[in-house]
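Student: structure for this input, please:
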Amino acid sequence: MSVTTPEAIQEFFTRADGRYVFARWGRPIAPIVFGVADETLATVKGALEAVVTLAGHQMAETDPELGSNLMFFFFRDWAELLEVPDLDRLIPGLGDLVAKLDAAGANQYRVFRFEKDGAIRAAFVFLKMESELQKLPAETLALGQAVQVILMWGDRAFAASSPLAKLPETGATILRPDVAGIIAAAYDRMMPPSAVDPSHAYRIFARLQG
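Tutor: Numbering: from 1, shown residues only. As a prediction, this is how the structure comes out:
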């Protein structure tokens, strides 16, 4: 998707039911990663740090209220989530959700929690490491997930095209320039932490022109 108009930006935050829903993090991000080796842990946190830096936001070792407010779960079967202690307290209706995702053949899912002003308060990222995700280099997988959790995008935002691109000269994976621009503009200090009016996209567009 090429960002050339405010309408194109609106598509990034428009849900399947037609609603415009935007949110960014309102507190420093304190991540924790389950189910990976130490080297992959460092890759995930490194990718997240890169995207947070792009946004001009902050990371923290711990959240004073929640401990960790961004949790990544890597696993091979959705049923494994039912064995995680107390996860059903964090994700109400976890059993039904797992059954639905398993039946749909999903390999990833994100759950967000929000502050009173609509900003992101916490997020949970679930990644079933089946063949499609296993084919991705760890750096590519980590960067893609970091991008998709730095904002609450529309559920179809990256259905047709990845938020990442490859440099033709080196083959290195990078964040698409249009997506990077949206993230940076969305975290401008004059922008609201959340929005449901599509005119919000015009404000992002104006910052991209600057």
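
Student: can you give me the buried ones in stretch 162-172?
Tutor: Pro163, Leu164 (16 or more other C-beta atoms under 10 Å). Every C-beta, even on glycine, is put in place using the N, C-alpha and C of the backbone.

Student: quick one: residues in contact with that stretch.
Tutor: Thr140, Leu143, Gly144, Val147, Gln148, Ala157, Thr173, Ile174, Leu175, Arg176, Pro177, Val179 (C-beta atoms under 8 Å, 6 or more residues apart in numbering).

Student: stretch 195-210 too?
Tutor: Counting by C-beta under 8 Å, 6+ apart, 3, 5-7, 9-10, 12-14, 19-23, 118, 181-182, 184-186, 188, 191-192 sit against stretch 195-210.

Student: centre of the chain versus it, how much separation?
Tutor: Put simply, stretch 195-210 sits 20 Å off its chain's centre (C-alpha atoms, centre = their mean, to the nearest Å).

Student: can you mark which positions in that stretch are buried?
Tutor: Ala195, Pro198, His200, Ala201, Arg203, Ile204, Phe205, Arg207.

Student: give me the mean pLDDT for it.
Tutor: What stretch 195-210 shows for mean pLDDT is 93.

Student: with just CA atoms, put the helix or strand of the chain with the lowest mean pLDDT into CSV.
Tutor: Every helix and strand in the chain was compared by mean pLDDT, DSSP states H and E; the lowest is helix 131-134, with a mean of 79. Listed next in CSV are the C-alpha coordinates belonging to helix 131-134 (Å, rounded to 0.1, in the frame of the first residue of the first chain):
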residue,chain,number,x,y,z
SER,A,131,5.9,-23.9,8.8
GLU,A,132,5.0,-20.4,7.5
LEU,A,133,6.5,-18.5,10.4
GLN,A,134,9.4,-21.0,10.8
